[in-house]
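Novice: A structural model of the following input is requested.
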Amino acid sequence: MRRPLGNRTDAPMALLALLLFASLLLAAGAAGATKPKPKPSSAQPSRGTLTQLKGARGCIVAASKPVPGCGKARALVGPGPFMGSRAIALSPNGKNVYVASSASDAIAIFARNPKTGTLSQPKGAAGCVAAKGAEGCGLAVGLDAPNSVAVSPDGLNVYATARDSNSVAVFHRNRKTGALVQLPPGSGCVAGLAIPGCVLGRALVGPDVVVISPDGKDVYVGSFFGNAVAEFSRDSSSGALTQPTGTAGCIAEGAANGCATGTALGAPEGLAIASDGTAVYVAAALSNAVSVLARDTTTGALAQATDGSGCIVDAPLAGCTTGVQLAGANAVITGPGGAFVTSLFSNSVTSFARPSSGTGLTQLPGTAGCLVQLRAVGCSFGRALEAPEGLAISPDGANVYVAAFATGAIAVLDRDRETGSAVQKVGARGCLAPRAVSGCTRGRALAGVSSIALSPDGRFVYATATESNAVDVFRRATPRRSR
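Specialist: I've put the predicted structure just below:
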């Protein structure tokens, strides 16, 4: 059972739990239905196809909850919880993988072999940091139920949101070993509640996701129960965070906590930043929306337009543009010229174009704009996409990967690099899933898959599976000549 979140309402969580239960029932019915057997794959896999590494190299699980055939690690119970679509991150040099393990109150640290993609956990405190220093990990404060993790572009720091402590923890990263040490009290943690060793911050109620601007100057946190996005200035030397005063420090629905006024920011669960740093995109689950926040690249402050370009919602709302299949908007990622959003209750992946100038998004027209589990009028057909959570796009822009929580599947999409649209690969190449999901390539330790990340060279894919207490490792096909 989850610990209480302090002074917040449980109504949004109850709603999400109810709707997730309905999604799980649908998934169970779909799994039991008669489906065509997967078609055999050709000898030469198409670009983007995933193959799970064999044996213990392909899945690493919590040592306290072993799975036959998988490797073992410490501090890996509940990685990538249901509230958390960015629970795994790679260092810029590709030498380390960091995982937010919610039920362990920890961040698990792995050394990565760039050639083989395999992971290994260092011994002692170099292999994990945890609240109260559990399991031989390094000690951390403000790390109760961490659900999102990000590495700074310079590789100097790691930041993690922790839902139950309403906080953002700040760590120094050893760029040679990957080990983490929390910054000293007063710098190592910002929290929405009074916690020893942390400084107080605003708009931090159930923080769910953290991202860092490409220039490394700012850190942004989506506050699920605060209906807000908090902004922090980052010290380039230490990585310490400072929240600006007044409206520059946060933007919220209804201008709570002295924040700037925002629209369609109910329960932010996904954040992404444009590659040029001029915009922050927000997937807001209870607003059924993706919101567009213009970023001042000098100050880091966020502002939202009110002319319709500042938000896209699935039902008419004053000041927003109307889109389709955005119920329970969950995660958002950006790619060359556009963006993608998963929506939990629509069982969908939606596609958006970004203009060459300006910050707004436009949903692609017709079937190019939405990919939906089974059937939906005006959208393309998707498989194994019940309750989609995390998203990732390959560095070459050719593929999009979707983690489907209820199905326990990773959907593999081909992306048209000219139009920005994405379609699922046909046959078994289009998804990797447990045995119970027919029509997909079989995968292991994937129950509750929720977060996905790619290596910097695009050759390997990593995913968290909260119900399997696992990190899964896949090789990505990168033929010299793409189809």
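
Novice: so what's Ser357 scoring on pLDDT?
Specialist: pLDDT for Ser357: 68.

Novice: try Asn257
Specialist: 82.

Novice: how near is it to Gly249?
Specialist: 9 Å (C-beta to C-beta, to the nearest Å). No exception for glycine: its C-beta is placed from N, CA and C like everyone else's.

Novice: shared neighbours of these two, which are they?
Specialist: Counting by C-beta atoms under 8 Å, 6 or more residues apart in numbering, the contacts common to Asn257 and Gly249 are Arg202, Ala203.

Novice: Near Glu418, how many other residues are there?
Specialist: By other C-beta atoms under 10 Å, 8 other residues sit near Glu418.

Novice: what sits against it?
Specialist: Per C-beta under 8 Å, 6+ apart, neighbours of Glu418: none.

Novice: that older thread, looking at Asn257 and Gly249, which is more packed in?
Specialist: Gly249 (23 against 18).

Novice: check contacts around that one.
Specialist: Per C-beta under 8 Å, 6+ apart, neighbours of Gly249: Arg202, Ala203, Ala230, Glu231, Phe232, Gln243, Gly258, Cys259.

Novice: My guess is the second one contacts Glu253. True?
Specialist: No: judged on C-beta atoms under 8 Å, Ala203 makes no contact with Glu253 at a distance of 10.5 Å.

Novice: any shared contact partners between these two?
Specialist: Counting by C-beta under 8 Å, 6+ apart, the contacts common to Ala203 and Glu253 are Ala228.

Novice: wait, Ala433 sits on Cys440?
Specialist: Yes: applying C-beta under 8 Å as the test, Ala433 and Cys440 come out as touching, 4.0 Å apart.

Novice: Now the common contact residues for those two.
Specialist: Ala384, Ala409.

Novice: Helix, strand or coil: sort out Ala248 for me.
Specialist: At Ala248, secondary structure determined by DSSP: H, G, I helix; E, B strand; the rest coil is helix.

Novice: What's the local residue count around the residue lying closest to Ser421 once chain neighbours are set aside?
Specialist: With sequence-adjacent residues excluded and distances taken as C-beta to C-beta, 6 or more residues apart in numbering, Ser421 is closest to Ala368, at 3.7 Å. Other residues lying near Ala368 total 18 when counted by other C-beta under 10 Å.

Novice: Assign Ala368 to helix, strand or coil.
Specialist: Classified using three-state DSSP, Ala368 is helix.

Novice: residues touching it, list them.
Specialist: By C-beta under 8 Å, 6+ apart, the neighbours of Ala368 are Ser351, Ser380, Thr419, Gly420, Ser421.

Novice: Need the per-residue pLDDT for it.
Specialist: For Ala368, pLDDT reads 95.

Novice: can you check Thr362 too?
Specialist: Confidence score, pLDDT, at Thr362: 95.

Novice: The one 10 residues further on too?
Specialist: In the prediction, the pLDDT value recorded for Val372 is 96.

Novice: For it, the count of nearby residues, please.
Specialist: 23.

Novice: check which helix or strand covers it.
Specialist: Element membership for Val372 (DSSP states H and E) is strand 370-373.

Novice: average pLDDT across whichever helix or strand comes after that strand?
Specialist: Sequence order places strand 380-382 as the next helix or strand after strand 370-373, per DSSP H and E. What strand 380-382 shows for mean pLDDT is 94.

Novice: just how off-centre is strand 380-382 within its chain?
Specialist: 22 Å (C-alpha atoms, centre = their mean, to the nearest Å).

Novice: Just after that strand, pick out the following helix or strand.
Specialist: Strand 380-382 is succeeded, C-terminally, by strand 388-393 (DSSP H and E).

Novice: For the next helix or strand after that following strand, enumerate the helices and strands it packs against.
Specialist: Using DSSP H and E, the next helix or strand after strand 388-393 towards the C-terminus is strand 399-404. Other elements packing on strand 399-404 under the criterion 3 or more C-beta pairs under 8 Å, 6 or more residues apart in numbering; DSSP states H and E are strand 388-393, strand 409-415, strand 449-454.

Novice: List the strands paired with strand 399-404, with their directions.
Specialist: With DSSP bridges as the test, strand 399-404 is paired with strand 388-393 (antiparallel), strand 409-415 (antiparallel).

Novice: Tell me which residues are up against it.
Specialist: 47-48, 50, 85, 333, 335, 340, 342, 349, 384-394, 409-415, 422, 449-452, 454, 461, 463, 476.

Novice: quick one on the thing from earlier: give me the residues contacting the strand holding Val372.
Specialist: Residues from elsewhere that reach strand 370-373 (C-beta under 8 Å, 6+ apart): 324-325, 346-351, 363, 376, 378-386, 413, 422-424.

Novice: And the buried ones among those, selectable in ChimeraX?
Specialist: Here is the ChimeraX command that selects only those of those that count as buried (16 or more other C-beta atoms under 10 Å):
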select :324,325,346,347,348,349,350,351,363,376,379,380,382,383,384,385,386,413,422,423,424
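
Novice: Show the pLDDT at Arg375.
Specialist: Confidence at Arg375, expressed as pLDDT, is 74.

Novice: Equivalent analysis for Met1, please.
Specialist: For Met1, the predicted pLDDT is 37.

Novice: got a list of contacts for stretch 125-133?
Specialist: So stretch 125-133 is contacted by 73-75, 104-110, 121, 135-141, 143-144, 171, 177-182 (C-beta under 8 Å, 6+ apart).

Novice: Filter those down to just the buried residues.
Specialist: 73-75, 104-110, 121, 135, 137-138, 140-141, 143-144, 171, 178-182.

Novice: So which of these belong to strands?
Specialist: Among these, the residues falling in strands (DSSP state E) are Ala73, Ala106, Ile107, Ala108, Ile109, Phe110, Gly138, Ala140, Phe171, Leu180, Val181, Gln182.

Novice: Save the residues you listed as CSV, and put in distance to Ile212 and pLDDT too.
Specialist: Below are these laid out as CSV (distance: C-beta to C-beta, whole Å; pLDDT from 0 to 100):
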residue, distance to Ile212, pLDDT
Ala73, 25, 98
Ala106, 21, 98
Ile107, 16, 98
Ala108, 20, 98
Ile109, 18, 98
Phe110, 20, 98
Gly138, 22, 97
Ala140, 19, 97
Phe171, 13, 98
Leu180, 16, 98
Val181, 19, 98
Gln182, 17, 98
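
Novice: which one of the strands paired with strand 399-404 is the most hemmed in?
Specialist: strand 388-393 (a mean of 28; mean count of other C-beta atoms under 10 Å).

Novice: now that one, how far from the chain's geometric center?
Specialist: On C-alpha atoms, centre = their mean, the centre of strand 388-393 falls 6 Å from the chain's centre.

Novice: distance of the residue lying closest to Asn347 once chain neighbours are set aside from Val324?
Specialist: Nearest non-adjacent residue to Asn347, counting by C-beta to C-beta, 6+ apart: Gln373, 3.7 Å away. Using C-beta to C-beta, Gln373 is found at 14 Å from Val324.
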